[in-house]
Every structure is written in C-alpha cells, then in structure tokens.
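1. Kindly generate the corresponding structure for this input.
(one chain, ligands or ions: 1)
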Amino acid sequence: MDTVTGKEQRWPVGVQCAVNFGFDVDGETLWTSRDAENWNRPANLAQGSYGPRVAVPKILNVLDKHEVKATFFIPAWIIEKYPEMAREVIERGHEVGYHGYLHEFDMTAGYETEKEIMDKSLDIFERVLKVRPRGLRSPLCEMTEATMRLMHEYEFLYSSTMMDDDFPYFWKYQGKISNIVELPIQWLWDDSSYFFFTLSDPVRRGISTPSKVLEIWKGEFDGVLEYGAILDLVFHPQLSGRYSRIKLIDDLLTYMKSKQGTWIATCEEIAGYWRDAHGPAN
Ligand SMILES: [Zn+2]
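-> From the prediction side, this is the model:
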C-alpha cells in the first residue's frame with residue numbers, strides 16, 4: 001500500500017484508475033423538469049433539442065476518434081422522440097442508462113408513481129432499443145427511498161448519483177450491504193457547473209472558458225490516477241456539444257490516453273468489474 005495515498009490494487013491488472021464519460025441526454029426534459037412553463041416556450045425547448053439532434057452526433061465522432069465507449073443516460077421520452085439518435089448510440093457500442101421518463105425529480109412522488117414511471121420507461125427501452133438498462137443516474141442527482149427500493153426489485157447493477165466517496169462502493173440498504181454498486185459523481189466533474197447559462201428562472205450564469213475547465217478536470221484526473229480511484233464525468237450534450245467544448249472533450253481524452261494505466265470504460269463495465277472483484281459474495 002502506498003503510504004501517502006493509501007492506494008491498493010482495486011482494478012484489473014495494469015489498470016491504475018477508472019474513468020467514465022457519461023452523457024445525460026436530457027434534451028427538452030432538462031427545461032420542462034426545471035419549470036413546467038417551459039412546455040410553452042419553444043425557444044427554451046429548442047435549446048434542449050440541440051442535444052439529441054446536433055450535439056450527440058458530434059460527441060459520437062469524438063468518442064470514435066479516441067476509440068472509447070461511454071454511457072448515455074437518456075430519459076425515455078427522449079428515446080421516443082429521437083429513436084434514431086438512441087439507436088445510433090447503441091450501434092456505435094455505447095451503453096444506455098436510465099434517467100427517468102421526463103427527467104422527474106419529485107421527491108414526494110412516492111413508490112407507486114415512481115414504479116409507474118419506471119415501468120413505462122423500461123418498456124420504451126425494450127420496445128425501441130431492445131435493451132434493458134443496468135444502471136441509473138437520478139435526475140438532478142436526487143435520490144429517494146422509493147428509487148432505492150425499485151432498483152433492488154428490478155435488479156439494477158449500479159447507480160451513478162451519490163457524491164460521498166472517491167471510490168465505487170456497495171450501497172447499504174435496509175441494514176445490509178447491497179450488491180448495487182455506486183459509481184460516485186461530483187458537481188466538480190459536471191459540465192453544467194461551468195456551462196449552463198439561462199436567463200429563465202432559476203437563472204444560471206455558467207459560461208467558463210474551456211481552458212479553465214480543462215485545467216480543473218486534468219487536476220482531478222491526475223489525483224484519481226495517483227490515488228487509484230474513479231472519475232465519473234457528467235456531460236450534457238446540449239451544453240458540451242458546442243465547438244469549443246467538443247474540443248475540450250477531445251483534448252481531455254488525448255491527455256488521459258497518454259497516461260498509462262487509465263481505464264476508460266462504460267459505467268456497466270466498471271460496475272460489473274467492481275461487483276465481480278469486490279462484491280458482498282466475495
Ligand atoms: Zn439529467
């Protein structure tokens with residue numbers, strides 16, 4: 001064990017750290033879920049539609065250039081509206097994950113309502129994409145007791161929602177260690193912290209220079225590599241699909257791939273490895 005970082009060998013032989021590029025393809029639902037009035041504001045809806053229509057194809061190209069596979073968390077309403085985009089994501093070898101039907105984050109909805117939303121959404125994944133998502137990222141990084149219960153009942157492999165650790169870990173649920181793997185995230189690793197700008201309530205003023213964000217993410221990545229941890233990046237195509245930010249993804253991937261021992265993989269691959277290697281049954 002390294003005396004400074006406490007680093008242990010947690011990953012496959014030759015791997016020093018794990019990285020996921022996660023894309024939350026919220027589209028219009030990013031807007032309607034923050035304010036239902038946005039259903040009546042075509043210009044705000046149009047900002048959302050830039051993600052699935054224009055940004056995702058650019059993102060797929062930059063991922064192909066670096067030969068990396070990513071995870072796309074897509075609300076089922078977006079899959080219904082943009083089925084070709086969602087199929088293309090799968091055909092290019094990426095993973096799709098659960099992100100609600102309309103990006104819901106009503107903390108008071110309750111078990112029955114959440115179950116209805118999940119049933120309807122999983123049906124859409126199966127009908128349109130012929131896949132069942134293994135993982136979930138809760139919209140706005142909220143989590144409810146009902147979501148946790150449903151994830152166990154539906155045998156999800158992982159969540160990528162919590163912000164309480166540097167490493168993957170197994171949930172504690174009803175007093176026991178669960179076999180659901182958490183792949184922790186962090187606002188520091190989320191493009192919306194830097195790039196979400198809107199004058200509509202609730203106002204956001206994020207227009208950072210890509211060089212500043214690249215500096216932050218390189219610093220985080222260097223630490224993750226040193227400590228042998230996980231970096232779970234969160235992108236929103238409608239924000240990160242703009243020219244200078246696509247270049248940022250390109251530059252970041254070039255930097256990461258120049259460092260030995262970096263494992264860039266889908267959430268499903270990382271969580272699957274973690275469960276096999278470190279699971280409660282082992
Ligand atoms: Zn989202």
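2. alpha carbons only for contacts and neighbour counts from here, please
-> Noted.
3. Give me the distance between Ile79 and Gln186.
-> 26 Å (C-alpha to C-alpha, to the nearest Å).
4. ok, those two, which is more surrounded?
-> Ile79 (21 against 18; other C-alpha atoms under 10 Å).
5. Next, the contact list for that one, please.
-> Contacts for Ile79 (C-alpha atoms under 8 Å, 6 or more residues apart in numbering) come out as Met85, Ala86, Ile124, Phe125, Val128.
6. Leu183 is in contact with Pro168, isn't it?
-> Yes. Assessed by C-alpha atoms under 8 Å, Leu183 is found in contact with Pro168 at 4.8 Å.
7. which residues are in contact with both of these two?
-> Joint contacts of Leu183 and Pro168 (C-alpha under 8 Å, 6+ apart) are Ile230, Ala271.
8. What strand or helix carries the closest residue to Ala76 other than its chain neighbours?
-> Excluding its sequence neighbours, the residue lying closest to Ala76 (C-alpha to C-alpha, 6 or more residues apart in numbering) is Tyr101, at 4.5 Å. Using DSSP states H and E, Tyr101 sits in no helix or strand.
9. Could you identify the helix or strand that succeeds the longest helix seen in the chain?
-> Determined from DSSP state H, the single longest helix within the chain is helix 210-227. Per DSSP H and E, the first helix or strand lying C-terminal to helix 210-227 is strand 230-235.
10. which residues make contact with that following strand from outside it?
-> So strand 230-235 is in contact with 17-24, 166-168, 183-186, 189-192, 220-221, 224, going by C-alpha under 8 Å, 6+ apart.
11. Take these and keep only those in strands.
-> Judged by DSSP state E, strands contain the following of the contacts of strand 230-235: Cys17, Ala18, Val19, Asn20, Phe21, Gly22, Phe23, Asp24.
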